[in-house]
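Q: Prediction below, plus the sequence it came from.
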Amino acid sequence: MKQALIKLHIAVFLAGFTGVLGVLITLNEALLVWYRIGITVVSLFGLLVWKKALQKLPFKKALQLIFIGALIAIHWVCFYGSIKYANVSIGLVCFASTGLFTAILEPLLTNKKFSWIEMGLGFLSLAGIYLIFHFDARYRLGIGIGLASAVFAALFSVLNKRNVATVAPKTMMLYELSGGLLVLTLLMPWYLQRFPTTHLFPTLQEWGWLLVLSWFCTVWAMDLMLQALQKVSAFTQNLSLNLEPVYGIFLAFILFQEQKDLQASFYMGFVLIGVSVVLQMLRVLQLKKH
């Protein structure tokens, strides 16, 4: 269990860089995700073919993973949309509500029993988000998009939990992200018509950031996360991901001086979210001792 938690928190640390990269890459949110997934799919396919490790899946299972991949693609578009309509700190804090949505969805979609403790911890995170939402009206659109992102992230993790025992992590990623790439490619003409942009292609520097985003923050982070998910619950994973704001916000403060734009309500909300994460980590470790 300790090894699974270590892998999970390395993945969370890597994920903390994604928000900052969302600012450094000036493409709109849909194009950013399309390039991110495209690079990841090509890289993963090449790696698995080279290692002769590509696992052929039954059609029904492949279809399930493609559907789950569509959810993560939509989650990423909403996540980067939240950052671009608000800022890195707000987008990352909204992601913390994933724990609450997982506590609701996991018992409904799996055999896991409903837990009032998990629901309470999820609401503690949501209370932190409400403090920011209620007292700082400038970011309400970004917060709304961020909450939608959290719902899709919760669905993705809960549905993934059913597959981690039967499919190798990298193969699962390849099928899922191929599904996400397909869905985004089909929706892109409509999206660009609704949200026009003059910036369709990355600059040379942005190609470098996209490679970092794809190889380190996607392939490596997701591989570690899927390995951890074999041992921990989807709720524990998603509540642990609430630490992503700690790393991401710290980087945003250093690189973009976002602390100048944030009110006291942000910090009060952030403390509530941090408390919910620590309590769940202590609870998981205590349960495993018995």
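A: Great, that's in hand. Here the structure is a predicted model, which means the values were calculated and not measured.
Q: pLDDT weak spots in the protein?
A: 1, 132-137, 234-235, 237-243, 245-246, 258-262, 277, 280-281, 284-290 (pLDDT under 70).
Q: Let's check: the centremost residue of it is which one?
A: Closest residue to the average C-alpha location of the chain: A153 at 5.9 Å, with CA atoms, centre = their mean.
Q: what comes up buried for the one helix or strand that residue maps to?
A: Assessed by DSSP states H and E, A153 sits inside helix 140-161. With burial defined by 16 or more other CB atoms under 10 Å, the residues of helix 140-161 counted as buried are 142-161. C-beta coordinates here come from the backbone N, C-alpha and C atoms, glycine included.
Q: Quick one: list the elements packing against that helix.
A: Applying 3 or more CB pairs under 8 Å, 6 or more residues apart in numbering; DSSP states H and E, one finds that helix 140-161 makes contact with helix 59-85, helix 88-94, helix 98-109, helix 116-135, helix 221-229, helix 234-240.
Q: how about 6 Å then?
A: helix 59-85, helix 88-94, helix 98-109, helix 234-240 (3 or more CB pairs under 6 Å, 6 or more residues apart in numbering; DSSP states H and E).
Q: The residue lying closest to F13 once chain neighbours are set aside: helix or strand, and which one exactly?
A: Nearest residue to F13, sequence neighbours excluded (CB to CB, 6 or more residues apart in numbering): Y247, at 5.6 Å. Using DSSP H and E, Y247 falls within helix 244-256.
Q: quick check: angle from that helix to helix 59-85?
A: 40 degrees (axes from the mean of the first three to the mean of the last three CA atoms, to 10 degrees).
Q: packing partners for helix 244-256?
A: Packing partners of helix 244-256 (3+ CB pairs under 6 Å, 6+ apart): helix 2-24, helix 88-94.
Q: what would those helices look like in CSV with mean neighbour count and distance to L121?
A: CSV is the format used below for the helices and strands packed on helix 244-256 (neighbours: other CB atoms under 10 Å; distance: least, CB to CB, whole Å):
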stretch, mean neighbour count, distance to L121
helix 2-24, 20, 16
helix 88-94, 29, 16
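Q: Out of the ones you listed, which is closest to W220?
A: Ranking the helices and strands packed on helix 244-256 by proximity to W220 (CB to CB) places helix 2-24 first, at 6.3 Å.
Q: hey, C-alpha coordinates of the closest one in PDB?
A: Output in PDB follows, covering the C-alpha atoms of helix 2-24 (Å, rounded to 0.1, in the frame of the first residue of the first chain):
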ATOM      1  CA  LYS A   2       2.900   2.400   0.800                       C
ATOM      2  CA  GLN A   3       4.400   1.900  -2.600                       C
ATOM      3  CA  ALA A   4       1.000   2.600  -4.300                       C
ATOM      4  CA  LEU A   5       0.700   5.800  -2.300                       C
ATOM      5  CA  ILE A   6       4.200   6.900  -3.200                       C
ATOM      6  CA  LYS A   7       3.500   6.300  -6.900                       C
ATOM      7  CA  LEU A   8       0.200   8.200  -6.600                       C
ATOM      8  CA  HIS A   9       1.900  11.200  -5.100                       C
ATOM      9  CA  ILE A  10       4.700  11.300  -7.700                       C
ATOM     10  CA  ALA A  11       1.900  11.300 -10.300                       C
ATOM     11  CA  VAL A  12       0.200  14.100  -8.400                       C
ATOM     12  CA  PHE A  13       3.400  16.100  -8.300                       C
ATOM     13  CA  LEU A  14       3.800  15.700 -12.100                       C
ATOM     14  CA  ALA A  15       0.200  16.700 -12.600                       C
ATOM     15  CA  GLY A  16       0.800  19.900 -10.700                       C
ATOM     16  CA  PHE A  17       2.800  21.200 -13.600                       C
ATOM     17  CA  THR A  18      -0.100  20.900 -16.100                       C
ATOM     18  CA  GLY A  19      -1.800  24.100 -15.000                       C
ATOM     19  CA  VAL A  20       1.300  26.200 -15.400                       C
ATOM     20  CA  LEU A  21       1.900  24.600 -18.900                       C
ATOM     21  CA  GLY A  22      -1.700  25.600 -19.700                       C
ATOM     22  CA  VAL A  23      -0.600  29.200 -19.400                       C
ATOM     23  CA  LEU A  24       2.700  28.800 -21.200                       C
END
